[in-house]
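Visitor: okay, sequence plus prediction incoming.
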Amino acid sequence: MKVLISLREALADDNLLGQAIAGESWAIWRALLIASMGEALTADERELFNLVTGRAQEPQERVEEFWTVAGRRSGKTRAAAVLGSYLSTCIDWADSLALGERAVLPVLAANTYQSSRAFMHVAGILQHSPDLSALLEGEPTADAIRLSTRVDINIVPANFKTIRSITAIAIICDELAFWSVEGSKNPDKEILAAARPALATTQGPLIVISSPYARKGELWANYRKDFGADGDPLILVANAESKVLNSTLPQGVINRAYERDPSAASAEYGGKFRTDVETLLVREVVEAAVDEGVTERARALSTKYYGFVDPSGGSSDSMTMAIAHKDGTRAVIDKVVEKKPPYSPEVVTEEFCAILKSYGISSVVGDNFGGEWCKEPFRRNGVEYERSKLAKSDLYLALVPALNSGRVSLVDNKKHVDQLVSLERRSGASGRDIIDHPPGATQHDDIANAIAGAVYIALDKKAPMVISDEVLRRASLPSFNNFRAGRLA
């Protein structure tokens, strides 16, 4: 790589990046970005740098990784976009590329909508720079920017499979705290492990920006390891409140957030990891409950079955149902059905009722969604709908000891396991635990809710009498029927 112009010079030149983060409110960000590129700071900049990194001295060489843990509206997305724009245009990467090869600067996030925010910042910075706009090859598309510097800036799904086989000059990871974490099928740890080799040839930086959330995952692990004076000099970690990094943020907005929910506001604006959030279930425990190879169980005529429905209006969430029975002290899941939106609630209700009746179920329990909405369509299809006495969080709380004690048998479906493992326990404002899927996550909990409800109902009932095949055979004999008739008389 060959540096064509320093970042400090680019930020001072209105024809380059001088207007991207101008003004006193961006002073800390300019100090951080300049330091991350291995450039020297002034005495005043060094004080600002120390304030948010806990380090008395800047790295004085280009860092391998630059992590920012900061509250919302702190300017971190804009700052990352400025750094990405600089790396894409003011550095010559030709000596790191094969003949005809183009380098990539991927923007990763939990979903493409979040990725597009940082991507749009990059596009805007380049388009409004008099000199850098000349490097654009055509107009930016919705997910790609092509530059004459042989660099493409792309929106790329945060997936350990899609990040492989590229040569990257840098990688921007947006809102890492809200990616899937360990225990999911696409954990943040595996994504970063797959991303780092893409930077090996160019030695470009990994750029991670995120608001903090729970004390888990790669954001928390790297913050604990490398924030402060004892951290790896080539892994720069900054942490600050939103107001520190963005002095223009209205204090009233922050105050109202703290009044509504102090725990959430401490993360959203205070830059602090939450202490009131924890993983509900361990993957190994959930997987141990799976009966491998069993995707559903047929009805046994001698068994009593129970159903639980998690209804939905058909436009956003799935409508799900789980059927279970009790076997001794165990709850056995027999069948799980999911209908993804869009769909007609009336049509799905009719289908669910047919399945329930095939298991001999004439009354089903359901989530409190929609109040009386669910009762009538189920009744029209021959099934009574009873609203659950327990809220969703309480059903999840009851599921934990049942799974941990080995009293649940699940059918073999990875999605079921993933949803159960993704559940989080958070302390609500009232002091009660709230259990739900992580905010902003692509993983929902519709299936998990249905399973938890079915397990609770099955374990709440007395074990049904199981009549053996021999007894049933004898019941058809005249002598047995005469005996039974005499007893009943």
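Guide: Now that the structure is in, tell me what you want to look at.
Visitor: low-confidence stretches in the protein?
Guide: When residues are selected by pLDDT under 70, those of the chain lie in 180-186, 313-315, 369-372, 427-433, 439-443, 461-489.
Visitor: break it down into its domains, please.
Guide: Residue ranges for the domains of the chain, per automatic domain parsing: 2-275, 283-460.
Visitor: these into TSV, with extra columns for mean neighbour count?
Guide: (C-beta placed from N, C-alpha, C; glycine too.) Formatted as TSV, the domains of the chain follow (neighbours: other C-beta atoms under 10 Å):
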stretch	mean neighbour count
domain 2-275	19
domain 283-460	18
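Visitor: spit out the contact partners of Ala214.
Guide: Ala214 is in contact with 177, 220, 273-274, 277-279, 424, 438, counting by C-beta atoms under 8 Å, 6 or more residues apart in numbering.
Visitor: make a markdown table from these and add secondary structure and distance to Leu199 to it.
Guide: Converted to a markdown table, the contacts of Ala214 look like this (DSSP: H, G, I helix; E, B strand; the rest coil; distance: C-beta to C-beta, whole Å):
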| residue | secondary structure | distance to Leu199 |
| --- | --- | --- |
| Ala177 | helix | 21 |
| Trp220 | helix | 22 |
| Phe273 | coil | 26 |
| Arg274 | strand | 30 |
| Val277 | strand | 31 |
| Glu278 | strand | 33 |
| Thr279 | strand | 30 |
| Glu424 | strand | 31 |
| Pro438 | coil | 28 |
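Visitor: may I see those residues organised as a markdown table, with distance to Thr201 added?
Guide: What follows is the contacts of Ala214, written out as a markdown table (distance: C-beta to C-beta, whole Å):
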| residue | distance to Thr201 |
| --- | --- |
| Ala177 | 29 |
| Trp220 | 30 |
| Phe273 | 34 |
| Arg274 | 38 |
| Val277 | 38 |
| Glu278 | 40 |
| Thr279 | 36 |
| Glu424 | 38 |
| Pro438 | 34 |
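Visitor: between those residues, which is closest to Asn239?
Guide: For those, the closest approach to Asn239 (C-beta to C-beta) belongs to Phe273, at 9.4 Å.
Visitor: what about the closest residue to the closest one other than its chain neighbours, is that helix, strand or coil?
Guide: Spatial nearest neighbour of Phe273, excluding adjacent residues (C-beta to C-beta, 6 or more residues apart in numbering): Pro212 at 4.4 Å. Three-state assignment for Pro212 (DSSP: H, G, I helix; E, B strand; the rest coil): coil.
Visitor: how about Thr349?
Guide: Quick answer, by three-state DSSP: Thr349 is helix.
Visitor: residue contacts, it?
Guide: 311, 374, 377-378, 381.
Visitor: which parts of the stretch 201-350 of the chain are helices?
Guide: Here the stretch 201-350 of the chain has its helices, by DSSP state H, counting those that start in this stretch, at 217-226, 242-245, 251-260, 262-268, 283-288, 345-358.
Visitor: the stretch 351-489 of the chain now?
Guide: With DSSP H, counting those that start in this stretch, the ranges of helices along the stretch 351-489 of the chain come out as 375-380, 392-404, 414-422, 446-460, 469-475, 478-488.
Visitor: and the second one, what does it pack against?
Guide: Packed against helix 392-404, as judged by 3 or more C-beta pairs under 8 Å, 6 or more residues apart in numbering; DSSP states H and E, are the following elements: helix 283-288, strand 433-436, helix 446-460.
Visitor: give me the contacts around it.
Guide: By C-beta under 8 Å, 6+ apart, helix 392-404 touches 280-281, 285-286, 289, 331, 367, 388, 390, 408, 420, 423, 432-436, 445, 448-449, 451-453, 455-456, 459.
Visitor: next one: that helix to chain centre, how far?
Guide: What separates the centre of helix 392-404 from the centre of its chain is 21 Å, taken as C-alpha atoms, centre = their mean, to the nearest Å.
Visitor: test my guess that the residue nearest to Phe273 contacts Val69.
Guide: Yes: using C-beta atoms under 8 Å, Pro212 is in contact with Val69, at 5.2 Å.
Visitor: give me the common contacts of these two.
Guide: Common neighbours of Pro212 and Val69, using C-beta under 8 Å, 6+ apart, are 219, 223, 271, 273.
Visitor: pick the one among these closest to Gly231.
Guide: Nearest to Gly231 among these, counting by C-beta to C-beta, is Tyr223 at 9.3 Å.
Visitor: give me every residue that touches the closest one.
Guide: Shown in contact with Tyr223 (C-beta under 8 Å, 6+ apart): 67, 69, 212, 237, 239, 273.
Visitor: partner residues bridging the closest residue in space to the fifth one that isn't next to it in sequence?
Guide: Nearest residue to Asn239 in three dimensions, chain neighbours excluded: Val69, at 4.5 Å (C-beta to C-beta, 6+ apart). For Val69, the residues forming beta bridges with it (DSSP bridges) are Ser210, Asn239.
Visitor: that concludes my questions; thank you for your assistance.
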